[in-house]
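Engineer: this one's sequence-less:
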């Protein structure tokens, strides 16, 4: 029998499933819904499965919203419920709140349930277990500095702190009174000893006086110690940690004054410096020093109307990613930046900044600098691991020549004449004045584009990726022995092209003269090389394609040209403007088919006859006479079908993933489909559904006669329904939800008379 630990592995596998090419979020939410449904299968998993999973497992990529309410908001108070039942319900709500917190839900700081928790029995009990749970895994979002202050500056909290401070003062006064009484007793004893010393005679006078002096010194030392302790308590009373401290926070705040900056830093300290998921600060005032630590993502944005909102020094510690939009008068980046993984300094192209000193970024492994026109010294970045440089005034890469990963774009002052760059990966684009020769002795990946004057590149003998686009001066391909993936947009000679196919595993060509390129490819003897060709010219019907061609992207002016394309594995067709229909039935061996029409819609014919298809993408096509977009044979379902801005009517059957974006296709039948995603502004008409596992409909107007009775799991988001036939009032068999069992969810939906529909989930 499987336990919670084993089922946790199953849940983790569900969360690690595939994603949509269009719209990742809906698929991720379906995966999370699978896990929640798994929790509901039995009592044991309901209680134990979440705790067997890693903390915050669903936080990344699955939960993009913050939760403003918990279940108690929607519960009706039963007048006849006894105290025991009410207590049990309250405990159940708390337990499920903690479960979803463990999974990674982030709660708004204004959530009524959380406010009630903070005002409950754990408020004045510092050892209450809820406080420990809160500090271990509860995530809170603060939308403003005011919300952050409200969390700390609660009126009752201030009274509690004041009361505890008064109690401490009373205890101190009692201790002082006891000490004074003790001092009086000591004084009486000293007087008796003095009288006895006088009666004993002159022999004991000397020894008695010495004893008295010693006691006086001890008494003075005790008084000084007591006075110091009293002064320390009166000057700095011990803080009372009554604030609920979350494990992780998200904060979005505007710093209008320096007091706001100080208040923010004090608030984070009062919360115990929790881990920050994302901190977004808008700086609208000059800041002398900004100190932030323990954050995953930090974004510093400057108010465009405040060019003097300069940050003098930054102390940033233990941060994964920092994005900084500096003020226009910012001249330098100074401070203590430690254990920060990524820093991106982004200036607006419309408003230049004065930054010329980046010495504070010396120890950052990954740095991106954008639109810094006054920056020319890159020496502080010589020890970085990855650099992205765009629109800088640099003239050379010598200072960063040892950086393993280098991405340089729009640096028009670069010359690169006889420069040696030891990077393993280099991307160079829009370097219009770079002439070369450029030496790349260690490069495994090279990507060059729009370097018009670059004439020569020297690299090592074996390269993994080599891509050259729009570099007319680079006529010679480097003399490497082997390259795994070669992409060229150049006029290469026939001998060079034939020779290249023996030195590469995959060759991508983009040529204006398709006829000449195809003629050369016919001479390629090495058919194991996967060759892809994109051409801007129309292929003639008499064109013969070489057997080595794996992918073809081309324009066609009639269906006759498709006869010679039947053996191409992946085909991207761009029909000419005047074409009204295209017969794809000859493409018997095509696996991936893309038809991308222009403004004039084209009608594809014969899709149902293609037995080897796995993926179909139709863009701006017109489907007429109930186009059968089905998989044949039935035991090999079509893996993916995408309709983008298409019109007409269609039958969709035996498909794993079906996506319809925009357009207005009337679905006569939708059956045997695993996943459906529909996002279209036009009215949605689905006449028949059968055996559809999951269907998500976004931003769509649902027609009155739409039939979703064959859908097991149905989700509507931001949709519009007819007032007279809303899913809430409809209960017939042809309504919303699967007749044999399933569920339907409505979120942010309205009726056509602008009435907001309640968010709810219904089971059948």
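Structural biologist: Looks like it arrived, so ask away. Keep in mind that this is a model prediction, so the values were computed, not measured.
Engineer: burial count for residue 544?
Structural biologist: Residue 544: 9 surrounding residues under other C-beta atoms under 10 Å. C-beta: built from backbone N, CA, C; applies to glycine.
Engineer: and what of the one 4 residues further on?
Structural biologist: Residue 548 has 17 neighbours, counted by other C-beta under 10 Å.
Engineer: Against residue 482, how distant is it?
Structural biologist: Separation of residue 548 from residue 482 (C-beta to C-beta, to the nearest Å) stands at 17 Å.
Engineer: again, but for residue 290
Structural biologist: 51 Å.
Engineer: More neighbours: which of these two?
Structural biologist: residue 290 (20 against 13).
Engineer: Can I take it that the more buried one is in a strand?
Structural biologist: Yes - secondary structure of residue 290 (DSSP: H, G, I helix; E, B strand; the rest coil): part of a strand.
Engineer: Give me the pLDDT for it.
Structural biologist: On pLDDT, residue 290 comes in at 94.
Engineer: separation between it and residue 484?
Structural biologist: 46 Å.
Engineer: go on, residue 465?
Structural biologist: According to C-beta to C-beta, residue 465 and residue 484 sit 7 Å apart.
Engineer: same question, residue 362
Structural biologist: Residue 362 is 35 Å from residue 484, by C-beta to C-beta.
Engineer: Check residue 253 too.
Structural biologist: Residue 253 is 48 Å from residue 484, by C-beta to C-beta.
Engineer: quick one: which of these two has more around it?
Structural biologist: The residue with more neighbours, out of residue 253 and residue 484, is residue 253; 22 against 14, by other C-beta under 10 Å.
Engineer: so what's that one up against?
Structural biologist: 142, 144-145, 148, 260, 264, 280-282 (C-beta atoms under 8 Å, 6 or more residues apart in numbering).
Engineer: Kindly present the residues you listed as JSON lines, with separate columns for distance to residue 697 and secondary structure.
Structural biologist: Below are the contacts of residue 253 laid out as JSON lines (distance: C-beta to C-beta, whole Å; DSSP: H, G, I helix; E, B strand; the rest coil):
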{"residue": "142", "distance to residue 697": "33", "secondary structure": "strand"}
{"residue": "144", "distance to residue 697": "34", "secondary structure": "coil"}
{"residue": "145", "distance to residue 697": "39", "secondary structure": "helix"}
{"residue": "148", "distance to residue 697": "38", "secondary structure": "helix"}
{"residue": "260", "distance to residue 697": "44", "secondary structure": "helix"}
{"residue": "264", "distance to residue 697": "42", "secondary structure": "helix"}
{"residue": "280", "distance to residue 697": "32", "secondary structure": "strand"}
{"residue": "281", "distance to residue 697": "38", "secondary structure": "strand"}
{"residue": "282", "distance to residue 697": "36", "secondary structure": "strand"}
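Engineer: Just the buried ones out of those residues, please.
Structural biologist: 142, 145, 148, 260, 264, 281-282 (16 or more other C-beta atoms under 10 Å).
Engineer: Pull out the buried residues from the helix or strand hosting residue 387.
Structural biologist: Assigned by DSSP states H and E, residue 387 belongs to strand 386-392. By neighbour count with 16+ other C-beta under 10 Å, strand 386-392 contains the buried residues 386-392.
Engineer: Quick check: the gap between the closest residue to residue 462 other than its chain neighbours and residue 464.
Structural biologist: Spatial nearest neighbour of residue 462, chain neighbours left out: residue 482 (5.1 Å); criterion: C-beta to C-beta, 6 or more residues apart in numbering. Applying C-beta to C-beta, the value for residue 482 to residue 464 is 9 Å.
Engineer: again, but for residue 661
Structural biologist: Distance from residue 661 to residue 464, by C-beta to C-beta: 35 Å.
Engineer: ok, residue 256 - contacts?
Structural biologist: Residue 256 neighbours (C-beta under 8 Å, 6+ apart): 284-285.
Engineer: again, only using 10 Å
Structural biologist: Contacts for residue 256 were tallied using C-beta atoms under 10 Å, 6 or more residues apart in numbering; they are 145, 282-285, 303, 306, 309.
Engineer: From what I see, residue 109 and residue 141 are in contact.
Structural biologist: Yes - look at residue 109 against residue 141 with C-beta atoms under 10 Å: they come within range, at 6.4 Å.
Engineer: what residues go with each domain of this structure?
Structural biologist: The chain breaks down into these domains under automatic domain parsing: 1-46, 286-393.
Engineer: which stretch in the ones you listed has the least confidence?
Structural biologist: Lowest mean pLDDT within the domains of the chain: domain 1-46, at a mean of 55.
Engineer: where in the stretch 101-250 of the chain is pLDDT low?
Structural biologist: 154-241 (pLDDT under 70).
Engineer: packing partners for the helix or strand encompassing residue 141?
Structural biologist: Assigned by DSSP H and E, residue 141 belongs to strand 139-142. Applying 3 or more C-beta pairs under 10 Å, 6 or more residues apart in numbering; DSSP states H and E, we find strand 139-142 packed against strand 106-108, helix 145-152, strand 248-255, strand 275-283.
Engineer: Those: which one's closest to residue 700?
Structural biologist: Closest of these to residue 700 is strand 106-108, at 28.2 Å (criterion: C-beta to C-beta).
Engineer: Please enumerate residues in contact with whatever helix or strand comes next after that closest one?
Structural biologist: Sequence order places helix 112-118 as the next helix or strand after strand 106-108, per DSSP H and E. Here helix 112-118 makes contact (C-beta under 10 Å, 6+ apart) with 67-73, 90, 93-94, 97, 107-109, 111, 123, 130, 134, 138, 140, 150-151, 154, 156-157, 242-244, 246.
Engineer: for helix 112-118, which positions count as buried?
Structural biologist: 113-114, 117-118.
Engineer: could you dump these to JSON lines with distance to residue 697?
Structural biologist: Shown next, in JSON lines, are the buried residues of helix 112-118 (distance: C-beta to C-beta, whole Å):
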{"residue": "113", "distance to residue 697": "30"}
{"residue": "114", "distance to residue 697": "32"}
{"residue": "117", "distance to residue 697": "36"}
{"residue": "118", "distance to residue 697": "39"}
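Engineer: check contacts around residue 601.
Structural biologist: Taking C-beta under 10 Å, 6+ apart as the criterion, residue 601 is in contact with 575, 579-581, 618-624, 645-648, 663.
Engineer: meant to ask about residue 110, not that
Structural biologist: Taking C-beta under 10 Å, 6+ apart, we find residue 110 in contact with 68-69, 141-143, 147, 150-151.
Engineer: ok, now how distant is it from residue 470?
Structural biologist: For residue 110 relative to residue 470 (C-beta to C-beta), the value is 53 Å.
Engineer: got it, and residue 488?
Structural biologist: The spacing between residue 488 and residue 470, counted by C-beta to C-beta, is 11 Å.
Engineer: Of the two, which one has the most company?
Structural biologist: residue 488 (21 against 15).
Engineer: isn't residue 677 right up against residue 655?
Structural biologist: No - using C-beta under 10 Å as the test, residue 677 is too far from residue 655 to be in contact (11.7 Å).
Engineer: where does the closest residue in space to residue 59 that isn't next to it in sequence fall, phi/psi-wise?
Structural biologist: Among residues not flanking residue 59 along the chain, residue 104 sits closest, at 3.0 Å (C-beta to C-beta, 6+ apart). Main-chain dihedrals, residue 104, degrees, to the nearest 10: phi 120, psi 10.
Engineer: what about residue 104, how many residues close to it?
Structural biologist: Using other C-beta under 10 Å, residue 104 has 21 neighbouring residues.
Engineer: I figured it hits residue 55, correct?
Structural biologist: Yes - using C-beta under 10 Å, residue 104 makes contact with residue 55 at a distance of 7.7 Å.
Engineer: what touches both of those two?
Structural biologist: residue 137.
Engineer: Work out for me the element residue 266 sits within.
Structural biologist: For residue 266, the host element (DSSP H and E) is helix 258-270.
Engineer: Quick one: mean pLDDT over that helix.
Structural biologist: On average, helix 258-270 scores 91.
Engineer: End to end on stretch 293-312, go ahead and measure it.
Structural biologist: Length of stretch 293-312, first residue to last, C-alpha to C-alpha, to the nearest Å: 17 Å.
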